[in-house]
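S.K.: please find the sequence and the predicted model below.
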Amino acid sequence: MNLLETCRLVLLNLIENKFKVFLTSLGILVGTITIVLVIAIGKGGEAKVADQFKDLSAETVYVNLNYKRLENKETSQIEKLNMNIVEQIKEESTTLEDLYLSASSYMEVKLGNEKVYTSITGVSDGFDKVSNLEIDEGLQLDEEDQEYENNVAVIGKNIVEKYYGSSENAINQTIQIGNNTYKIIGTLKGKGDGLQGLNPDDTIFLPYAVANKFMDTNTIPKIVGLSDDLKHVELTKKEIMSTLDYLLEDSSVYVIDDAGSRIEAALSSAKTMNLLLLSVGTIVFIVGGIGIMNVLFLSVKERTKEIGILKALGIGNNEVLIQFVLESATISSLGGVAGIVISSVIMPLMRYTEIAVVDSIEGKIIAFCFAMITGMLFGIYPAYKASMLKPVDALSIE
């Protein structure tokens, strides 16, 4: 019996048992949908991480409080970072491109006729370069604003859109913090969430010396720097810590980390989640494969006489084996194709949830391959059992 005839027999058997084929392929169908969605969610997670860090240089380093070492110390007892320390670090480091001092606090601000609570951040010179904050309209805070402690401000995109409508309308407007008034000289382009719990889009930036006058005494400044090369990040961290060790009585209350490590950690977490989700999809496939195997065993039992007749007519063991493996592969393929079609319908609906997904052709190909391999693997043993039946025994079964 040639391959074409074998395929015809397989097709006839599947058509005669349409409902059974449908039920059998359900497990593969669900498994395929699961794999497609798992890969899409995994890629969505990685894309979300990449988007979060897209404007951040991996060479960025941070000097923050080391909360593990604070023990019972009050915030007021901690030796704070200041501009003198920043200047000393700049002078002593051989690998820093730039760095700045930053202090943030949530305060009541009068924007136009509205009073709202928002983030006020005092920054020293160089903050725009280190944190990659680009001006949309107007001017950036400069050395003169820092030196002369000008009452000027640069505001984030969300504040602009919510309270002024456009950057053009916001420029030269004034905001009030406490009893002082500040002139808006610039607006920032949208950036999104920051790494340090700060969203620049919702922040008002002031010269550090100006903001420091009204910051709460419990506010702890931090330092953000930019190494001149990714290869020098570790050396940059050591140089900064060396200066802190010299200038501070207890430098252990501060810790230095880098953006590159955070990016790697975030991507690693996303990949770990991908593996977990993929494991769930694999389990679903295994369950579907077991379903195929059970149905094929039942099919072998029901068609024992048919197998006996085929063998009596001279059909060999390999041809019987191929027939049943083809049936298994066809059932799993049908389930795989149906799963891919349904997943394509589900994917657009995922946009209405908070789950980030990225549809991809690779995901569909991988899912279909999983479906095919699962069907064939779980179909081999029943097919082997069918191929080994002896014609006399098969024909004698009632």
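M.R.: Received it, and whenever you're ready, just let me know what you need.
S.K.: please enumerate the strands of this structure.
M.R.: 60-65, 96-111, 114-123, 135-138, 152-155, 174-177, 180-188, 203-207, 222-227, 254-258 (DSSP state E).
S.K.: of these, which is nearest residue 378?
M.R.: strand 254-258 (48.5 Å; CB to CB). Placement of C-beta: from N, CA and C, glycine included.
S.K.: could you say what helices and strands that closest one packs with?
M.R.: Secondary-structure packing of strand 254-258 (3 or more CB pairs under 8 Å, 6 or more residues apart in numbering; DSSP states H and E): strand 60-65, helix 233-247.
S.K.: switch those over to JSON lines; also include mean pLDDT and mean neighbour count.
M.R.: Formatted as JSON lines, these follow (pLDDT from 0 to 100; neighbours: other CB atoms under 10 Å):
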{"stretch": "strand 60-65", "mean pLDDT": "89", "mean neighbour count": "21"}
{"stretch": "helix 233-247", "mean pLDDT": "92", "mean neighbour count": "18"}
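S.K.: can you pull out the helices in this protein?
M.R.: Ranges of helices in the chain, per DSSP state H, are 3-16, 18-52, 83-92, 127-130, 143-147, 157-163, 167-170, 208-211, 233-247, 259-302, 304-312, 317-349, 361-387, 391-396.
S.K.: buried deepest among those helices, which one?
M.R.: helix 208-211 (a mean of 22; mean count of other CB atoms under 10 Å).
S.K.: quick one: mean pLDDT over that one.
M.R.: With pLDDT averaged residue by residue, helix 208-211 scores 94.
S.K.: could I have that helix exported to PDB, CA atoms only?
M.R.: C-alpha atoms of helix 208-211 as PDB (Å, rounded to 0.1, in the frame of the first residue of the first chain):
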ATOM      1  CA  TYR A 208      18.700  72.000  44.000                       C
ATOM      2  CA  ALA A 209      19.700  75.000  46.200                       C
ATOM      3  CA  VAL A 210      16.200  76.500  45.800                       C
ATOM      4  CA  ALA A 211      14.300  73.300  46.600                       C
END
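S.K.: how much space separates the residue nearest the centre of the chain from residue 153?
M.R.: Centroid check for the chain by CA atoms, centre = their mean gives residue 45 as the closest residue, at 2.4 Å. From residue 45 across to residue 153, the span is 36 Å (CB to CB, to the nearest Å).
S.K.: same question, residue 202
M.R.: 14 Å.
S.K.: verify the stated contact: the residue nearest to the centre of the chain with residue 276.
M.R.: No: taking contacts as CB atoms under 8 Å, residue 45 lies outside contact range of residue 276: 11.3 Å.
S.K.: residue 248 contacts residue 80, correct?
M.R.: No: in this structure, residue 248 is not within contact of residue 80 by CB under 8 Å, at 9.5 Å.
S.K.: save the helices and strands packed on strand 254-258 as JSON lines, and put in distance to residue 86 too.
M.R.: As requested, the helices and strands packed on strand 254-258 are exported to JSON lines (distance: least, CB to CB, whole Å):
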{"stretch": "strand 60-65", "distance to residue 86": "10"}
{"stretch": "helix 233-247", "distance to residue 86": "10"}
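S.K.: residues contacting residue 111?
M.R.: Residue 111 makes contacts with 159, 163, 175, as judged by CB atoms under 8 Å, 6 or more residues apart in numbering.
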